[in-house]
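Participant: Compute the structure for the input listed below.
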Amino acid sequence: MPTNQLYLTWIQRIRELRSGQRITQIRNFVWLMIGIYQSRSVNLRRIAGKIPGPAKLLSYMQRLSRLLENPAIDVRAWYEPIARSWLERQAAHQQQVWLVVDGTKVGFTHQLLMISLAWAWVDHVRGHCTAEIQLALLAYVRGLLPKGIAVLLVGDTEFGSVEVLQRLDEWHWDYVLRQKTSTHVCLA
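Facilitator: Have a look, this model is predicted:
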């Protein structure tokens, strides 16, 4: 889909979801989403490089940076209606929600945790983050899901701790999580 068509589609939708928000914030948020989508990156320079217009790259980067650093903007409040809407649509059509989880290092001290449509920044230098952080993110996404919907979670070894697996069992979620080769299973 062409960039301008994406922009017009999303600006209309976000204005509906965030009706009391300043239009400049909505515009910048929409450009941020489109930039992430089209650049397939969370790098601000790459995101800003996807914004069309006469301004210089640095100007777009500063605009997005101000949006991201604005303490008056509650990130979850912005993303929640979008994520909830997408999850509800998938649930209505499939009668099941499939979630994919992953984590990747995006900076010297930051890791990006992703659950399908949701993500969170974690202050973590390297390796896997804690089960506590993963469970907090999974619980948040669980709260966005329509009640009574079946869930299938697919992910990497990072989300395979015993604590996470036990909670997924409590929630009656099906899951496929890659395990380390040194992991052993004891059947009762």
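Participant: For this protein, give the strand that spans the most residues.
Facilitator: strand 96-105 (DSSP state E).
Participant: By mean pLDDT, flag the weakest helix or strand of the chain.
Facilitator: strand 118-123 (a mean of 46; mean pLDDT, DSSP states H and E).
Participant: buried residues in the next helix-or-strand element following it?
Facilitator: For strand 118-123, the succeeding helix or strand toward the C-terminus, using DSSP states H and E, is helix 131-144. For helix 131-144, the neighbour count (16 or more other C-beta atoms under 10 Å) marks Ala131, Ile133, Gln134, Leu135, Leu137, Leu138, Val141, Arg142, Leu144 as buried. Every residue, glycine included, has its C-beta placed from N, CA and C.
Participant: returning to what we had before: give me the contact list for the longest strand of the chain.
Facilitator: For strand 96-105, the external contacting residues (C-beta atoms under 8 Å, 6 or more residues apart in numbering) are 87, 90-91, 111-116, 122, 126, 128-129, 134, 138, 141, 145, 149-156, 158-159, 177.
Participant: Just the strands from this protein, written as ranges.
Facilitator: Taking DSSP E as the test, the strands found in the chain are 96-105, 110-115, 118-123, 150-155, 174-177.
Participant: can you redo the ones you listed as a markdown table with mean neighbour count and distance to Gly35?
Facilitator: Converted to a markdown table, the strands of the chain look like this (neighbours: other C-beta atoms under 10 Å; distance: least, C-beta to C-beta, whole Å):
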| stretch | mean neighbour count | distance to Gly35 |
| --- | --- | --- |
| strand 96-105 | 17 | 18 |
| strand 110-115 | 18 | 15 |
| strand 118-123 | 16 | 15 |
| strand 150-155 | 18 | 26 |
| strand 174-177 | 14 | 31 |
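Participant: okay, the ones you listed in JSON lines with distance to Leu44 next?
Facilitator: Listed next are the strands of the chain as JSON lines, based on distance: least, C-beta to C-beta, whole Å:
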{"stretch": "strand 96-105", "distance to Leu44": "16"}
{"stretch": "strand 110-115", "distance to Leu44": "13"}
{"stretch": "strand 118-123", "distance to Leu44": "13"}
{"stretch": "strand 150-155", "distance to Leu44": "27"}
{"stretch": "strand 174-177", "distance to Leu44": "31"}
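Participant: Out of those, name the one with the poorest average pLDDT.
Facilitator: Mean pLDDT is lowest for strand 118-123 out of the strands of the chain, coming in at a mean of 46.
Participant: Correct me if wrong: Ala131 contacts Glu163.
Facilitator: Yes. Using C-beta atoms under 8 Å, Ala131 makes contact with Glu163 at a distance of 4.1 Å.
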